[in-house]
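Peer 1: with the sequence up front, the predicted model follows.
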Amino acid sequence: MVLRLYKSILVPVDGSEYSSKAAKHAVELASSFKSKVIALHVIDVRVKRVYEGSEKALAQLRKFGEAYLQDVANMANRAKVPVETVLREGLPPEAIVKEAEDRGVDVIIMGTRGLSGAKRVVLGSTAEQVVEWATCPVLVVK
C-alpha cells in the first residue's frame, strides 16, 4: 500500500541551483508517494518591463522559462512521475501562491534563493513571501 500524503506537488523553478535542488527533491518525493509534479516558471513582470519593446529579449525570457520547465519534465519523465509544466507572468510570490490555491496542491517545494543571488538572513524574499502567504505546506530546500 502506498501512502498518498501528497497527491500534487508544485515546484516553482527559475534556473537557479536552489530551484534545481528543489525540483530534484520534488520528483523524488513524487516518486515515493505516486504523486504528480506541477513545475511552474513565473516570468517576473518587473524584469519584463525592463525589456518592454524588445521582442527579442522578451522571447528570450520565455525561452529560458520553457527550458527550466523542460529540465523538470525530463527529470520527472526519467523517474516515471506524472508532470505538468506551467509558464506564467506576474510577481513570483503572488503567482506561486495563486497557482497553488487554484490547483489545490498539497505542498509547494521550492529553493531558498533564486537567480537574484541576494543573500538574506533566512530565506530569499520570494520563498519567504510564499511561506507567509501560502495556505498549503511549503517545503524550502537549500
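Peer 2: In hand now; what should we look at?

Peer 1: what sits against residue 93?
Peer 2: Contacts for residue 93 (C-beta atoms under 8 Å, 6 or more residues apart in numbering) come out as 125, 126, 129, 130, 133. Every residue, glycine included, has its C-beta placed from N, CA and C.

Peer 1: leaving out chain neighbours, which residue sits closest to it?
Peer 2: residue 129 (3.6 Å; C-beta to C-beta, 6 or more residues apart in numbering).

Peer 1: and the closest residue to residue 51 other than its chain neighbours, how far is that from residue 128?
Peer 2: Leaving aside its sequence neighbours, residue 51 sits nearest to residue 57 (C-beta to C-beta, 6+ apart; 3.8 Å). Going from residue 57 to residue 128 by C-beta to C-beta, to the nearest Å gives 28 Å.

Peer 1: more neighbours, these two?
Peer 2: residue 128 (16 against 13; other C-beta atoms under 10 Å).

Peer 1: flag every buried residue along the helix or strand where that one lies.
Peer 2: Using DSSP states H and E, residue 128 sits within helix 125-133. By neighbour count with 16 or more other C-beta atoms under 10 Å, helix 125-133 contains the buried residues 126, 127, 128, 129, 130, 131.

Peer 1: report the rounded mean pLDDT for stretch 78-97.
Peer 2: Average pLDDT, stretch 78-97: 97.
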